[in-house]
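Chemist: Kindly return the folded structure for what I paste below:
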Amino acid sequence: MDKNTAAFIMPVKLSGDELELRLFREAVASIKNQTDENWILIMVDDYSEKQNVYDEITKMKNELGDKLHVIYSDKNYGSGAARNTGVHHANEIGAPFILFNDSDDISDPRRLGLVRKEFEKDDTVNVVYTSFDVIDENGNVVPHDRILMSVREIIDGHKVDIVEGENAWIGIATKKKYTNLTSCTAVRTSLAVQEPFPSGSVSEDSHTWVRYAAHPGKFVFLRDIKGGYRICSNVASRSRSNNAHFYRKMFEVDSAGFEEAVKIARRYGTMGGLDENDIRTAFYVRLALSLLHGESVKYCKKSLDKALTVSKEKTLEYIDQLYCNPEYKESLKAMVN
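Modeler: Sure, this is the predicted structure:
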C-alpha cells in the first residue's frame, strides 16, 4: 500500500432494513466518489447478524476490491470499540491519517483532498474537521428550526468562537461541549492509536475529541465544505432514539473525558495559562446547558452541582458568558440559586 494512502473508518451495525441498506450504500458511494483517489475504506461490522447486510458488504467488496478492508466482530461491542478496531488496522497497514465516516453519513467529494492538504502543509496539525448539514433519508437538508436544539447548538458553534489552533480542548470544554461531528473528523493515526474511543455508543466521540485536543498540536476547521449528518424523519438522533438512559450516560462519559483531558493537559503543559478549576467550572456549566437543551433537568442539575463545588460566583459568571438564548441562562441561574 502507498505510504500516503488515507483510511476511512466506518463502523457498521445494521438491522437489515431496506432504508438502512440504501443509506449505507449512499455513505459508501460518497467515499468512492472522492476526488482524491488515494484511500482505503476500513469497514468494521459490529455484529449486524442479518444475512442481507453481509450480502451487501460482499457486493461492495467485489466492486471496490483491495480498497475495501472488512473486519467482522464476533459480538456487538459498540461504535467506539468498532472504530478502535479500525484505527488499529489503519495503523498496522501504515495509513498516515484517518477520516471517520458513519454508515449513513455523507462525505463531500473534496473532503479527503482538502484534509490531506492541511496535514501535509503543517506537521503540528492533529485534527481536521468541517461543519455539516443535517439531511433526511432523501438527502434533503433539514431546515434549521426543525433540528433538535442539541444538534443545532453544534452547527451554531461553527459560526461563533470556532475551535481552532493550539490548546483546542479548552474551547471544546468551556464553550462548545461538542464541536467536531464524528463523520466530519479526521485525525493523524498516531494520535488515534494513543487515544482510543471508550466503549459504548453514547458520547464516546465527545470523550475522545477533548482528549485529542489536550495533546500538543492544532485543530483545523475547514470552511469550504460540509458533511451530511443523517437524521431520518421522526427520529431524534441515532444515539438518543436507541438509548433510554442517554443523558445519564452523556453526563458520565463527558465528565470522564474532560477529567482525562485535564490529566493530559497537565502532562503536556497545554492549559493555555488558565487556572484548572476555572476551566472545570466552565466545563460543567457548559455541559449543564447541553443537558438542558436535551430537557434532562436531573442531569443538568448534577452538572451544575459539579460546578458549584468549585465556586458559586464563578458558576454564575460562566452562565452569563454562555452563547445561548437568555431564557436558558435564566433557567440555569434559577437552579443555582
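Chemist: Give the next helix or strand downstream of the least confident helix or strand in the chain by mean pLDDT.
Modeler: The helix or strand of the chain with the poorest confidence is helix 238-242; it has a mean of 49 (mean pLDDT, DSSP states H and E). Remark: after helix 238-242, the chain's next helix or strand is helix 246-268, criterion DSSP states H and E.
Chemist: tell me which strands and helices that following helix is in contact with?
Modeler: helix 168-171, helix 204-214, helix 276-293, helix 297-308 (3 or more C-beta pairs under 8 Å, 6 or more residues apart in numbering; DSSP states H and E). Placement of C-beta: from N, CA and C, glycine included.
Chemist: which stretches of this protein form strands?
Modeler: 6-12, 39-45, 68-72, 97-100, 125-135, 185-188, 218-230 (DSSP state E).
Chemist: Run through the residues that contact residue 311.
Modeler: Applying C-beta atoms under 8 Å, 6 or more residues apart in numbering, we find residue 311 in contact with 277, 281.
Chemist: go on, the one 4 residues further on?
Modeler: Residues near residue 315 by C-beta under 8 Å, 6+ apart: 281, 284-285, 304, 307-308, 336.
Chemist: How about residue 49?
Modeler: residue 16.
Chemist: Then residue 79?
Modeler: By C-beta under 8 Å, 6+ apart, the neighbours of residue 79 are 11, 13, 46, 102, 197, 200-201, 204.
Chemist: who wins for most neighbours among those residues?
Modeler: Of all the contacts of residue 79, the highest neighbour tally under other C-beta atoms under 10 Å goes to residue 11, namely 28 neighbours.
Chemist: Name the nearest residue to that residue, sequence neighbours excluded.
Modeler: Nearest residue to residue 11 in three dimensions, chain neighbours excluded: residue 82, at 3.5 Å (C-beta to C-beta, 6 or more residues apart in numbering).
Chemist: and that neighbour, how many neighbours?
Modeler: Neighbours of residue 82 using other C-beta under 10 Å come to 26.
Chemist: Same check on the one 3 residues further on?
Modeler: The local packing of residue 85 (other C-beta under 10 Å) involves 19 other residues.
Chemist: From what I see, it and residue 74 are in contact.
Modeler: No: between residue 85 and residue 74 there is no contact under C-beta atoms under 8 Å: 11.1 Å.
Chemist: Would you point out which residue is most central in the chain?
Modeler: residue 182 (3.2 Å; C-alpha atoms, centre = their mean).
Chemist: Show the contacting residues for that residue.
Modeler: 100, 102, 105, 205.
Chemist: Chain neighbours aside, what residue packs nearest to the last one?
Modeler: Read that as residue 205. residue 182 (4.6 Å).
Chemist: quick one: the one you found and residue 230, what's the gap?
Modeler: Going from residue 182 to residue 230 by C-beta to C-beta, to the nearest Å gives 12 Å.
Chemist: Give the residues shared as contacts by these two.
Modeler: With C-beta under 8 Å, 6+ apart as the test, residue 182 and residue 230 both reach 102, 105.
Chemist: wait, which of the contacts of residue 315 is closest to residue 160?
Modeler: residue 285 (16.9 Å; C-beta to C-beta).
Chemist: residues touching the spatially closest residue to residue 264 that is not a sequence neighbour, list them.
Modeler: For residue 264, ignoring the flanking residues on the chain, the nearest one in space by C-beta to C-beta, 6+ apart is residue 214 at 3.9 Å. By C-beta under 8 Å, 6+ apart, residue 214 lies in contact with 169, 261-262, 264-265, 268, 270.
Chemist: One more pass at 10 Å, please.
Modeler: Contacts here follow C-beta atoms under 10 Å, 6 or more residues apart in numbering; on that basis residue 214 touches 167-170, 172-173, 195, 257-258, 260-268, 270-271.
Chemist: Please check the residues you listed and keep the buried ones.
Modeler: 167-170, 172-173, 195, 257-258, 260-262, 264-265, 270-271 (16 or more other C-beta atoms under 10 Å).
Chemist: which pair in these spans the largest distance?
Modeler: The farthest-apart pair in the buried ones among the contacts of residue 214, when distances are taken by C-beta to C-beta, is 195 and 271, at 17.9 Å.
Chemist: before we move on, the earlier item: from the buried ones among the contacts of residue 214, which single one is nearest residue 18?
Modeler: residue 257 (36.0 Å).
Chemist: Let me know the pLDDT of the closest residue to the closest one other than its chain neighbours.
Modeler: Excluding the flanking residues, the one nearest residue 257 by C-beta to C-beta, 6+ apart is residue 207, at 3.1 Å. On pLDDT, residue 207 comes in at 97.
Chemist: tally of neighbours for residue 207?
Modeler: Neighbours of residue 207 (other C-beta under 10 Å): 23.
Chemist: now do residue 269
Modeler: Other residues close to residue 269 by other C-beta under 10 Å number 10.
Chemist: cool, residue 296 as well?
Modeler: Around residue 296 there are 20 residues (other C-beta under 10 Å).
Chemist: Can you report how many residues lie near the residue nearest to it when sequence neighbours are not counted?
Modeler: Distances taken as C-beta to C-beta, 6+ apart put residue 247 closest to residue 296, at 3.6 Å, once the chain neighbours are dropped. The number of residues packed near residue 247 is 23, by other C-beta under 10 Å.
Chemist: what do you get for residue 111?
Modeler: Neighbour count of residue 111, defined by other C-beta under 10 Å: 29.
Chemist: Since that was my last question, I'll sign off now.
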